[in-house]
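Give me coordinates for this.
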Amino acid sequence: MSRLVYRPNDPRSNENGLLPVELATSHSEAAGFYVISDEMDATRHMADNKLYTSKHKFREATRAAGCLEVGNETAALMKPRTPVPLDRRARREAIRRTIYDLRNGQRR
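Residues are numbered from 1 along each chain as shown. As a prediction, this is how the structure comes out:
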C-alpha cells in the first residue's frame with residue numbers, strides 16, 4: 001500500500017484530493033533559485049548626499065553616518081516614549097551643552 005498525501009489543488013490528485021507521496025515530493029524542472037540582486041536604481045543618500053546603486057554600499061554609508069535604516073519595523077517605532085523630566089535649569093544646560101558639542105564637531 002503506498003502512502004498518500006492530501007493535495008486537493010494538484011491536477012494529478014484523484015477525486016478525493018489524494019496524491020502518491022512520490023509525486024508530491026518531486027521537483028518541477030521549471031523550479032529554480034530566486035536571487036535578490038544587490039543592484040538598485042540610483043538612490044541619493046540623505047546623510048552624505050551621494051548616489052548609490054548598490055544596496056550593500058548604501059547600508060554601509062547609513063551605518064557609517066550613525067543612522068538607522070527603517071523599513072517595516074513598526075514594533076520598535078510604535079513603542080511609547082517615556083518623557084524625560086527636566087527642570088528649567090537642566091533643560092537650558094542640556095541645550096547649551098548640545099550646541100557646544102555641535103560647534104566643536106563632537107558627536108554622541
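
what about the nearest residue to R3 once chain neighbours are set aside, how many neighbours?
In space, and not counting its chain neighbours, R3 is closest to V21: 4.4 Å by CB to CB, 6 or more residues apart in numbering. Just so you know, the C-beta spots here come from the backbone N, C-alpha and C atoms, and that holds for glycine as well. Neighbours of V21 under the rule other CB atoms under 10 Å: 12.

what about the strands in the chain?
For the chain, the strands defined by DSSP state E cover 4-6, 18-20, 39-44, 51-54.

From the centroid of the chain, which residue is nearest?
Geometric centre of the chain, nearest residue: G71, 5.1 Å, by CA atoms, centre = their mean.

mind checking the longest helix of the chain?
In the chain, assigned by DSSP state H, the helix with the most residues is helix 88-103.

so can I have a markdown table of the strands of the chain showing distance to A65?
Output for the strands of the chain, formatted as a markdown table (distance: least, CB to CB, whole Å):
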| stretch | distance to A65 |
| --- | --- |
| strand 4-6 | 52 |
| strand 18-20 | 54 |
| strand 39-44 | 13 |
| strand 51-54 | 12 |
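
pLDDT at K79, what is it?
Reading off the confidence values, K79 has pLDDT 74.

Tell me who's in contact with it.
For K79, no contacting residues are found, by CB atoms under 8 Å, 6 or more residues apart in numbering.

distance of it from G71?
According to CB to CB, to the nearest Å, K79 and G71 sit 16 Å apart.

now F58
Distance from F58 to G71, by CB to CB: 13 Å.

pull the helix or strand with minimum mean pLDDT from the protein.
helix 74-77 (a mean of 63; mean pLDDT, DSSP states H and E).

Okay, the residue nearest to the centre of the chain and L23: tell me how far apart.
40 Å.

Show the contacting residues for L68.
T62.

where does this protein have low pLDDT?
1, 26-32, 72-78, 107-108 (pLDDT under 70).
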